[in-house]
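Undergrad: structure for the following, please:
(chains A and B)
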2 protein chains.
Amino acid sequence: MPKKSDELQVYLKKLIHDCLPGNTVDCVIFGYQHNALHILLVQWKHVHVYSLPGGFIHKEEDIDQAAQRVLLERTGLDSVFLKQFYTFGKNNRYETNNKEQLDKKEQLVKALFGEEQALPDLIAKRVVSTGYFAMVDIEKTNVKPDLLSEKCLWIPIQKMPMLFMDHTEMVDKALEHLRIQLNYLPVGLSLLPEKFTMIDLQKLYEAILQKPQERSNFQRKILKLDVLIRHEKRMTGASNKAPYLYSFDKKKYALLLKKGIKFSA
Amino acid sequence: MPKKSDELQVYLKKLIHDCLPGNTVDCVIFGYQHNALHILLVQWKHVHVYSLPGGFIHKEEDIDQAAQRVLLERTGLDSVFLKQFYTFGKNNRYETNNKEQLDKKEQLVKALFGEEQALPDLIAKRVVSTGYFAMVDIEKTNVKPDLLSEKCLWIPIQKMPMLFMDHTEMVDKALEHLRIQLNYLPVGLSLLPEKFTMIDLQKLYEAILQKPQERSNFQRKILKLDVLIRHEKRMTGASNKAPYLYSFDKKKYALLLKKGIKFSA
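TA: Okay, here's the model as predicted:
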């Protein structure tokens, strides 16, 4: 039987003392690289199960603040786009995944807390979890696992492994929200680097919508929104074919999002 | 000091035994009559404070089921449109309203449970509440207060009194959700009677959007959606001016909502 470390004992005691029973937050953190939407996952110690970054809510914390704290602890970022999207409260959330995964949870808990010790109520009982989604520039993140995880890593949405509990459902719901609310969310500003080409922006929309966009039509619709600032050309290949770089006019973009972008893809 | 009734003792014991600590649901139930959007409120016994219908979640219940139960208990309706829209988890939710209201909560609790008795944890502690919104045909409802309320009543949104705790914020958020998601929600089908005129539908949109619609333009855009079935004329005033009655083609309407109605108001 693995021995519980002192660090873990302190962590657990603090958790029970500091946190609300019955509520957690989980974060679906989107990033974008190599023309693909990515998601941040943690992989647990001992049993190697993947899950979303998340945690309990401190007694004096708003639930929004709890999500901000999780985001900061895992990515090093604050003041990025973060938004509540859905609360997951099925009675059988613990059973929505397969038997093998449930066994792994038991194994992890035993590995961490010891065979014979009764689990504290905080961990043993049913919780309702509020899902938040964030959009970050992967280049700016400095990802770090928590005490119960061995890894924290970016995975392309298309290659996502099976996740623990109802976390796959959480990701699906977050994606649905992202697509439906696309015209009210600062996706370009949050996910692209400061300067980008028109093709970069088009590929981002295609990655989110999972639907090809016709090039000249896309460019026309985007330019019509009047939120882009044009800069120098990106000088990589043949200079006569070099594409222009753009950035967002943040003020105009914010105003437009408030009204809702009239962009039908 | 008012004496606690046996009924109330049983109710309280059952609540503590049956429910999850730390989580509740609250329902923003929209109805529509006299060309105005209405909302269902309960008014508490003894202290006459208004709040949204809501309650704790049973241990074996999904949170969606808890909201369905509240809706059924207050309106007599099931299988109507009901959707989670936001979770309210500010640390100071109890203080987001004014001092007078907080005093009233204390008064109510004392009136109900007696001066000297310590409050059970379930009621005394901080809870996170998930907001649901429903849209119902007022004509079909049979509203009923719960054990702690003296009245359950429909109030026009424009005349809403101050609500308890953060319930005014809940209504505002539900309205915002209704407006942003208008093209994905079955508002006409849920809020209007089976048959209605084009003007009825226009007035409903105006009540929700708080914005007048140009009559012929509205009619053109709605008819273009191809989801209405035209019936006989409504024979009330002069017969040559009598408006046609319409109903929704439920199959076509459902398909359209799934894609999102392309209707910019």
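Undergrad: how about the helices of the stretch 1-150 of chain A, start to end?
TA: Here the stretch 1-150 of chain A has its helices, by DSSP state H, counting those that start in this stretch, at A:6-18, A:63-75, A:99-113, A:121-124.
Undergrad: how about residues contacting the last one?
TA: Helix A:121-124 has contacts (C-beta atoms under 8 Å, 6 or more residues apart in numbering or on different chains) with A:15, A:16, A:19, A:21, A:56, A:109. No exception for glycine: its C-beta is placed from N, CA and C like everyone else's.
Undergrad: buried sites along that helix?
TA: By neighbour count with 16 or more other C-beta atoms under 10 Å in any protein chain shown, helix A:121-124 contains the buried residues residue A:122.
Undergrad: now find how far off-centre it is within its chain.
TA: 25 Å (C-alpha atoms, centre = their mean, to the nearest Å).
Undergrad: mean confidence (pLDDT) on it, please.
TA: For helix A:121-124, mean pLDDT is 70.
Undergrad: output that helix as CSV - backbone C-alpha positions only.
TA: This file holds the C-alpha atoms of helix A:121-124, laid out as CSV (Å, rounded to 0.1, in the frame of the first residue of the first chain):
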residue,chain,number,x,y,z
ASP,A,121,-17.6,13.2,2.9
LEU,A,122,-16.3,15.9,0.7
ILE,A,123,-14.8,13.4,-1.8
ALA,A,124,-17.1,10.4,-1.3
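Undergrad: just the angle between the strand ranked longest in chain A and helix A:63-75, please?
TA: Longest strand in chain A by number of residues (criterion: DSSP state E): strand A:19-33. Counting by axes from the mean of the first three to the mean of the last three C-alpha atoms, to 10 degrees, strand A:19-33 lies at 50 degrees to helix A:63-75.
Undergrad: pLDDT below threshold where in the stretch 51-200 of chain A?
TA: The stretch 51-200 of chain A contains residues with pLDDT under 70 at A:96-99, A:101-102, A:113, A:115-120, A:124.
Undergrad: contact residues of it facing chain B?
TA: Within the stretch 51-200 of chain A, the positions near chain B by C-beta under 8 Å from any C-beta of the partner chain are A:57, A:59-64, A:84, A:86-87, A:89-91, A:126, A:128, A:130, A:180-181, A:184.
Undergrad: mind checking which of those land in strands?
TA: A:57, A:84, A:86, A:87, A:128, A:130.
Undergrad: my guess is the second one contacts residue A:64, does it?
TA: Spelled out, that is residue A:84. Yes - using C-beta atoms under 8 Å, residue A:84 makes contact with residue A:64 at a distance of 7.0 Å.
Undergrad: which residues of the stretch 101-250 of chain A fall in strands?
TA: A:128-135, A:149-156, A:196-197, A:228-233, A:244-248 (DSSP state E, counting those that start in this stretch).
Undergrad: for those, which one sits closest to residue B:248?
TA: strand A:128-135 (32.4 Å; C-beta to C-beta).
Undergrad: neighbouring strands of that closest one in the sheet, and parallel or not?
TA: strand A:19-33 (parallel), strand A:81-88 (antiparallel) (DSSP bridges).
Undergrad: out of the ones you listed, which one sits most buried?
TA: Among these, strand A:19-33 has the highest mean neighbour count (mean count of other C-beta atoms under 10 Å in any protein chain shown), at a mean of 23.
Undergrad: show me how far that one is from its chain's centre.
TA: That offset, for strand A:19-33, works out to 8 Å (C-alpha atoms, centre = their mean).
Undergrad: what's the mean pLDDT across it?
TA: The average pLDDT for strand A:19-33 rounds to 94.
Undergrad: just the C-alphas of it, formatted as PDB.
TA: What follows is strand A:19-33, C-alpha atoms only, in PDB (Å, rounded to 0.1, in the frame of the first residue of the first chain):
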ATOM      1  CA  CYS A  19     -14.200  24.000   0.600                       C
ATOM      2  CA  LEU A  20     -18.000  23.800   0.200                       C
ATOM      3  CA  PRO A  21     -19.400  20.300   0.200                       C
ATOM      4  CA  GLY A  22     -21.400  19.300  -2.900                       C
ATOM      5  CA  ASN A  23     -20.100  21.700  -5.500                       C
ATOM      6  CA  THR A  24     -17.200  21.800  -7.900                       C
ATOM      7  CA  VAL A  25     -16.100  23.600 -11.000                       C
ATOM      8  CA  ASP A  26     -14.600  22.000 -14.200                       C
ATOM      9  CA  CYS A  27     -12.800  24.000 -16.900                       C
ATOM     10  CA  VAL A  28     -12.900  23.300 -20.600                       C
ATOM     11  CA  ILE A  29      -9.900  25.300 -21.700                       C
ATOM     12  CA  PHE A  30      -9.600  25.800 -25.500                       C
ATOM     13  CA  GLY A  31      -6.400  26.600 -27.300                       C
ATOM     14  CA  TYR A  32      -5.600  26.600 -31.000                       C
ATOM     15  CA  GLN A  33      -2.400  25.500 -32.800                       C
END
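Undergrad: could you give the angle of it to strand A:149-156?
TA: Using the same axes, to 10 degrees, one finds that strand A:19-33 and strand A:149-156 are set 40 degrees apart in direction.
Undergrad: so who does residue A:193 touch?
TA: Contacts of residue A:193 (C-beta under 8 Å, 6+ apart): A:137, A:139.
Undergrad: from residue A:87, how far out is it?
TA: Distance of residue A:193 to residue A:87, computed by C-beta to C-beta, to the nearest Å: 33 Å.
Undergrad: and for residue A:9?
TA: 31 Å.
Undergrad: and if you look at residue A:81?
TA: 19 Å.
Undergrad: next one: residue A:56
TA: Distance from residue A:56 to residue A:87, by C-beta to C-beta: 15 Å.
Undergrad: repeat for residue A:80
TA: 22 Å.
Undergrad: over to residue A:63?
TA: For residue A:63, the distance to residue A:87 - C-beta to C-beta - is 9 Å.
Undergrad: give me the common contacts of the two.
TA: In contact with both residue A:63 and residue A:87: A:130, B:87, using C-beta under 8 Å, 6+ apart.
Undergrad: find the centremost residue of chain A, please.
TA: With distances taken as C-alpha atoms, centre = their mean, the residue of chain A nearest its centroid is residue A:29 (1.1 Å).
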